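S.K.: take this sequence and fold it.
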Amino acid sequence: MKFREGEISQGKISGIHFDKVRFNDLADDFLSDYRINEKKSLNRAELSVRQLKTFFDGFRVPEITTPRIQRYIEKRLEEGKLNATVNRELSALKRILNLGLR
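M.R.: Numbers count the residues shown, from 1 in each chain. Next up is the predicted model:
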């Protein structure tokens with residue numbers, strides 16, 4: 001029981017092995033969720049995932065850290081992308097990770 005409490009206090013959820021889950025798998029599940037629910041913004045979601053994959057391709061979930069996300073933001077802004085575009089992509093990333101959590 002103490003071991004489990006320790007994992008929870010460290011932000012780990014016992015029984016779920018995020019260290020083996022890759023970003024690409026979650027991104028594919030995210031797009032699948034959009035298709036199943038017939039969301040009107042599917043095209044925008046696909047664009048966001050395409051951009052996110054150029055940076056996070058092959059990463060395991062625990063490797064997607066705040067500093068890495070900040071580097072992604074800097075990279076996109078240096079490419080001349082608008083804040084609104086980057087924010088949409090970050091919203092997609094948040095949704096991807098939240099779906100993975102479920």
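S.K.: now stretch 92-102: average pLDDT?
M.R.: Averaging pLDDT along stretch 92-102 yields 87.
S.K.: flag every buried residue along it.
M.R.: By 16 or more other Cβ atoms under 10 Å, the buried positions in stretch 92-102 come out as Ala92, Leu93, Arg95, Ile96, Leu97, Gly100. For the C-beta atoms, the positions are set from N, CA and C on the backbone; glycine is no exception.
S.K.: can you pull the contacts of the fourth one?
M.R.: Contacts for Ile96 (Cβ atoms under 8 Å, 6 or more residues apart in numbering) come out as Phe23, Leu26, Ala27, Asp29, Phe30, Val49, Leu52.
S.K.: identify the farthest-apart pair in these.
M.R.: Using Cβ to Cβ, the pair of the contacts of Ile96 lying farthest apart is Asp29 and Leu52, separated by 13.4 Å.
S.K.: those two: who's more crowded?
M.R.: Higher neighbour count among Asp29 and Leu52: Leu52, with 23 against 15, using other Cβ atoms under 10 Å.
S.K.: tell me the confidence at that one?
M.R.: 95.
S.K.: and the strands in this structure?
M.R.: Per DSSP state E, the chain carries no strands over any range.
S.K.: by residue count, which helix of it is the longest?
M.R.: helix 83-101 (DSSP state H).
S.K.: Thr54 and Lys40, how far apart?
M.R.: With distances taken as Cβ to Cβ, to the nearest Å, Thr54 is found 25 Å from Lys40.
S.K.: higher neighbour count, the two?
M.R.: Thr54 (11 against 7).
S.K.: list the contacts of that one.
M.R.: Taking Cβ under 8 Å, 6+ apart, we find Thr54 in contact with no residue.
S.K.: what ranges of this protein fall below the confidence cut-off?
M.R.: 1-19 (pLDDT under 70).
S.K.: coming back round to it: any idea which of the buried residues of stretch 92-102 is closest to Ala45?
M.R.: Among these, and counting by Cβ to Cβ, the member closest to Ala45 is Ala92, at 5.9 Å.
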